[in-house]
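Trainee: mind looking at a prediction? Sequence and model below.
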Amino acid sequence: MADLHALTIPQDPKDFPKQVINAAVELIACGLDPEKCIIFIQSEVKEHTELCWLLNTITPLGELERMTQYKDKSKQFKDNVNAGLLDYPVLQAADILLYQIDSVPVGQDQKQHLELTKNLAKKFNQKYGKTFKVPEPLILEFGAKIMSLQNPQKKMSKSQPETCLFIFDEPEIIKKKIMSAVTDTGKAIKYDPDKKPGISNLLAIYSLISQKSISELEKKFKNKGYGDFKKSLAELLILKLEPFRRKKKELLSREVYVKEILERGRKRAQIIAVATMQDVRKKMGLS
């Protein structure tokens with residue numbers, strides 16, 4: 001649970017712990033198996049922030065200022081452009097490198113951040129000796145970047161809830177968001193991101209959820225309008241996401257169980273993190 005990252009935007013201290021637990025519940029509800037996955041709260045493993053600081057000493061300021069997400073967020077949150085927002089990718093790099101992993105599943109929008117992580121790993125290894133694995137991105141060939149429901153020229157962002165689909169949205173919310181999603185001029189349900197970005201985005205979502213190809217969907221809705229298509233997509237999403245909503249409700253009633261998972265995860269994560277940081281400190285000449 002990346003609670004340290006979340007602090008780059010204002011949080012209510014009273015409500016924040018509940019949000020962190022809720023995030024853990026949602027990951028488990030989505031199918032992460034605590035027996036196979038190490039699930040823990042970022043701030044409870046202090047090595048994350050220590051490695052972040054050490055990586056800061058080899059991170060060029062210019063690279064951080066060029067990050068697309070930093071530039072976008074700076075415009076979006078003009079009243080809260082803090083140093084944490086700028087340093088976000090370095091903490092993210094620490095999150096990854098601390099655990100000596102080979103690859104990271106990311107969306108297209110995170111590729112730039114992962115490139116920075118790779119560069120920092122290589123730079124550290126070159127300067128201090130082989131220390132970190134250099135991770136590679138795992139990016140879907142199709143659907144690696146889902147666009148906003150209200151502005152299909154921009155990516156879907158959870159900081160704008162009305163334009164974004166959430167796995168745990170209630171059925172009536174899903175229906176409302178899909179039925180009000182921006183489409184394009186004309187009536188043809190055809191995949192063409194340049195000329196028809198709105199319907200193309202919805203087709204991509206439909207394809208990913210249904211596991212049917214775009215051509216199959218174009219054929220299925222050939223003589224139908226946007227209204228029929230949207231109604232079908234909303235029904236599909238409600239059906240496919242229901243098991244996740246049901247599992248989340250069950251887990252929310254078992255908070256002690258969830259906290260036990262997080263505590264076990266913390267202990268397992270810390271063993272790996274401590275070993276990595278012992279090597280890092282030694283290589284950098286720290287006692």
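Mentor: Cool, got the structure.

Trainee: C-alpha only now, for contacts and for neighbours.
Mentor: Fine.

Trainee: for the closest residue to Val81 other than its chain neighbours, grab the count of nearby residues.
Mentor: Distance criterion Cα to Cα, 6 or more residues apart in numbering; nearest residue to Val81, sequence neighbours excluded, is Ser74 at 5.6 Å. Per other Cα atoms under 10 Å, the neighbour tally for Ser74 reads 16.

Trainee: gap between the stretch of helix or strand Ser74 belongs to and the chain center?
Mentor: Using DSSP states H and E, Ser74 maps to helix 68-76. Offset of helix 68-76 from its chain centre (Cα atoms, centre = their mean, to the nearest Å): 16 Å.

Trainee: against Asn56, how distant is the residue nearest to Val81?
Mentor: 20 Å (Cα to Cα, to the nearest Å).

Trainee: do Lys14 as well
Mentor: Distance from Lys14 to Asn56, by Cα to Cα: 31 Å.

Trainee: between those two, which has more neighbouring residues?
Mentor: Neighbours per residue (other Cα under 10 Å) separate Lys14 from Asn56, with Asn56 holding more: 16 against 8.

Trainee: was I right about the residue nearest to Val81 contacting Leu86?
Mentor: No - the criterion here is Cα atoms under 8 Å, and Ser74 misses it with Leu86 at 9.0 Å.

Trainee: list the buried ones in the longest helix anywhere in the chain?
Mentor: Criterion DSSP state H: the longest helix present in the chain is helix 255-284. Buried residues in helix 255-284, counting neighbours by 16 or more other Cα atoms under 10 Å, are found at 258, 261-263, 265-266, 269-270, 273-274, 276-277, 280, 283.

Trainee: stretch 192-201 now?
Mentor: Lys196, Pro197, Gly198, Ile199, Ser200, Asn201.

Trainee: can you give me the buried ones in stretch 164-175?
Mentor: Buried residues in stretch 164-175 (16+ other Cα under 10 Å): Cys164, Leu165, Ile167, Phe168, Asp169, Pro171, Ile173, Ile174, Lys175.

Trainee: what's the helix or strand for the third one?
Mentor: What that stands for is Ile167. Short version, using DSSP H and E: Ile167 is in no helix or strand.

Trainee: pLDDT score for it?
Mentor: pLDDT recorded at Ile167 is 95.

Trainee: so what's it up against?
Mentor: Going by Cα atoms under 8 Å, 6 or more residues apart in numbering, Ile167 touches Leu241, Phe244, Arg245.

Trainee: helices along the stretch 101-250 of the chain, start to end?
Mentor: For the stretch 101-250 of the chain, applying DSSP state H, counting those that start in this stretch gives helices covering 111-128, 171-179, 197-210, 214-220, 226-252.

Trainee: relative to Thr185, which of the ones you listed is closest?
Mentor: Closest to Thr185 of these, according to Cα to Cα: helix 197-210, at 9.5 Å.

Trainee: packing partners for the closest one?
Mentor: Where contact means 3 or more Cα pairs under 8 Å, 6 or more residues apart in numbering; DSSP states H and E, helix 197-210 is packed against helix 214-220, helix 226-252.

Trainee: could you give the angle of the worst-scoring helix or strand of the chain on mean pLDDT to helix 111-128?
Mentor: When each helix and strand of the chain is scored by mean pLDDT, DSSP states H and E, helix 68-76 comes last, with a mean of 80. Angle of helix 68-76 versus helix 111-128, following axes from the mean of the first three to the mean of the last three Cα atoms, to 10 degrees, is 120 degrees.
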